[in-house]
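J.: generate a structure from the sequence data that follows.
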Amino acid sequence: MASLAATFGRGAMTNGWTDIRNADVVLAMGGNPAENHPVGFRFVMDAKRTRRAKLVTVDPRFNRTAAVADRFAQIRAGTDIAFLGGLIHYALSRGRYHEEYVRLFTNGPFLVSEQFAFDEATGVFSGWDPERQAYTDLSSWSYELDERGFARVDETMAHPRSVLQVMRRHYARYTSETVSNICGCSVEDFERVAELVTSTYTPDRVGTILYALG
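T.: A predicted model of the protein is given here:
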């Protein structure tokens, strides 16, 4: 979730309530804060009233949070990860992420080991043991190190083994159509949500995520 927040803007529910009050877009997913966290939810409503902030709700049910949302996507229970994967792909494939933030404050520029790999068809990473159905060899899960023992960095984040580019390839499978097939929402509903959520990629806009609230 932290990586997702870094991609779309600043924020997650680990922020203080003041940050939510000052958000431009609030994504409520994995909870129903309007009903189960009504005291805290007033900060979302404050943002809507005073900043014209947009509330986006993604949930299997049309709940009380969805009732006051500006965008609502109804998904099948248990498909949240596919929807989030689609949001990541949408942001990365369209350049709708705060590049300076990713370069300076995440591991996006770090180069992963040459031994690290994953199957682009299945998403399985190197070190997987099909017989045990588990990852048993994690030796390839490391960064390429320089002569001082620090991770090598590509400030342009264009190197194919930079974390950002590896992430881009890994999430490329989560197209709008794939998300629609897995989650049960329409392509149009997904893309309307994705466009609004990723609108916080510019430095002058702030996004926050509410999750695990009831």
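J.: from Glu155, how far off is the residue of the chain most remote from its centre?
T.: Of all residues in the chain, the one whose C-alpha sits farthest from the chain's mean C-alpha position, using CA atoms, centre = their mean, is Glu147 at 33.6 Å. Distance, Glu147 to Glu155, by CB to CB, to the nearest Å: 18 Å. C-beta here means a position set from N, CA and C on the backbone, and glycine is covered the same way.
J.: cool, Thr178 as well?
T.: Counting by CB to CB - Thr178 and Glu155 are separated by 32 Å.
J.: with neighbour numbers in mind, choose between the two.
T.: When neighbours are counted by other CB atoms under 10 Å, Thr178 comes out ahead of the other of Thr178 and Glu155, with 17 against 10.
J.: what's the end-to-end length of stretch 61-79?
T.: Using CA to CA, to the nearest Å, the gap from the first to the last residue of stretch 61-79 comes to 13 Å.
J.: any buried residues in it, and which?
T.: Buried residues in stretch 61-79, defined by neighbour count with 16 or more other CB atoms under 10 Å: 63-66, 69-75, 79.
J.: model confidence over that stretch, on average?
T.: Per-residue pLDDT over stretch 61-79 has a mean of 97.
J.: can you tell me what sits against it?
T.: Applying CB atoms under 8 Å, 6 or more residues apart in numbering, the external contacts of stretch 61-79 come out as 28, 31-35, 41, 45, 48, 54-60, 83, 182-185, 189-190, 192-193, 196.
J.: stretch 28-45: which residues count as buried?
T.: Going by neighbour count (16+ other CB under 10 Å), the buried part of stretch 28-45 is 28-34, 37, 41, 43-45.
J.: and the residues you listed as CSV, adding distance to Ser93, secondary structure and pLDDT?
T.: Formatted as CSV, the buried residues of stretch 28-45 follow (distance: CB to CB, whole Å; DSSP: H, G, I helix; E, B strand; the rest coil; pLDDT from 0 to 100):
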residue, distance to Ser93, secondary structure, pLDDT
Ala28, 24, strand, 95
Met29, 21, strand, 94
Gly30, 24, coil, 89
Gly31, 28, coil, 90
Asn32, 31, coil, 94
Pro33, 30, helix, 93
Ala34, 32, helix, 94
His37, 33, coil, 89
Phe41, 32, helix, 93
Phe43, 32, helix, 95
Val44, 29, helix, 96
Met45, 33, helix, 97
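J.: could you verify that Arg168 is part of a helix?
T.: Yes - in this structure, Arg168 lies within a helix as judged by DSSP: H, G, I helix; E, B strand; the rest coil.
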